[in-house]
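Peer 1: Fold the following and give me the result.
(2 chains)
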Amino acid sequence: GAVVSQHPSWVICKSGTSVKIECRSLDFQATTMFWYRQFPKQSLMLMATSNEGSKATYEQGVEKDKFLINHASLTLSTLTVTSAHPEDSSFYICSAASSSTQYFGPGTRLLVL
Amino acid sequence: GIQVEQSPPDLILQEGANSTLRCNFSDSVNNLQWFHQNPWGQLINLFYIPSGTKQNGRLSATTVATERYSLLYISSSQTTDSGVYFCAVHRGNTPLVFGKGTRLSVIA
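Peer 2: Residues are numbered from 1 along each chain as shown, chains lettered A, B, ... in the order given. Below you'll find the predicted structure:
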């Protein structure tokens, strides 16, 4: 089946630093990838839709200047959390679309101190 | 947008018991998926089931698209079935919209 990887799997950083998270589709090409955020004991909330070669589409309430998304190739999308603050601590999950099915990465746990 | 409601929100089962999880959605959809999120956060795709019935081992799922609901059946539950079960739907090329999940605890 389709495999999606994320790197890093967890990261701890100081407040004010930037963190980049990579999402890769390993055995298929994905023109569209999605970034979700999940707070403890809550559901997954869509942050943005990432389209290869074009600007990402952000959901209402998600700051595009804070969460920078780059989808430079058909197998890689990156999410950069700029000037991270403790309230950005969360579980970030990406998914890549193949036909009408979304395949999810293992997630990245971000802790901002 | 589409609303997805799951019930029950929490469920505690004795090992060996059967259970049914429900997912209601507010509009017609092209795709419905059931996921199991394990304690490490990994989403495991259980079923891609926009309509009809599918079975995989002790799990089966049924989606009645015309009535906008889906059911996930877990038979002979095991402690490893514990975790959160999510239903997610979408239409066309829109991203999956998730329900709030059912948190299942299976006790020995």
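Peer 1: Figure out the helix or strand that residue A:55 lives in.
Peer 2: Assigned by DSSP states H and E, residue A:55 falls within no helix or strand.
Peer 1: Quick check: nearest residue in space to the most centrally placed residue in chain A, chain neighbours excluded?
Peer 2: In chain A, the C-alpha nearest the mean C-alpha coordinate belongs to residue A:35, at 3.9 Å (Cα atoms, centre = their mean). Leaving aside its sequence neighbours, residue A:35 sits nearest to residue A:47 (Cβ to Cβ, 6 or more residues apart in numbering or on different chains; 4.6 Å). Any C-beta I mention is one placed from the backbone N, CA and C, and that applies to glycine too.
Peer 1: and chain B, which residues reach chain A?
Peer 2: Contact residues, chain B versus chain A (Cβ under 8 Å from any Cβ of the partner chain): B:30-31, B:33, B:35, B:40-43, B:45, B:48, B:86, B:88, B:90, B:93, B:95-101, B:103.
Peer 1: quick one on the thing from earlier: beta partners of the residue nearest to the centre of chain A?
Peer 2: residue A:48, residue A:94 (DSSP bridges).
Peer 1: Read off the pLDDT value for the residue nearest to residue A:35.
Peer 2: Here the pLDDT value assigned to residue A:47 is 96.
Peer 1: That one and residue B:13, how far apart?
Peer 2: Distance, residue A:47 to residue B:13, by Cβ to Cβ, to the nearest Å: 33 Å.
Peer 1: ok, the two, which is more surrounded?
Peer 2: Neighbour tally, residue A:47 and residue B:13, criterion other Cβ atoms under 10 Å in any protein chain shown: the higher count belongs to residue A:47, 25 against 18.
Peer 1: how about the more buried one, what does it touch?
Peer 2: A:35-37, A:58-59, A:62, A:67, A:79 (Cβ atoms under 8 Å, 6 or more residues apart in numbering or on different chains).
Peer 1: do residue A:39 as well
Peer 2: Applying Cβ under 8 Å, 6+ apart, the residues near residue A:39 are A:90-91.
Peer 1: and with 7 Å instead?
Peer 2: residue A:90 (Cβ atoms under 7 Å, 6 or more residues apart in numbering or on different chains).
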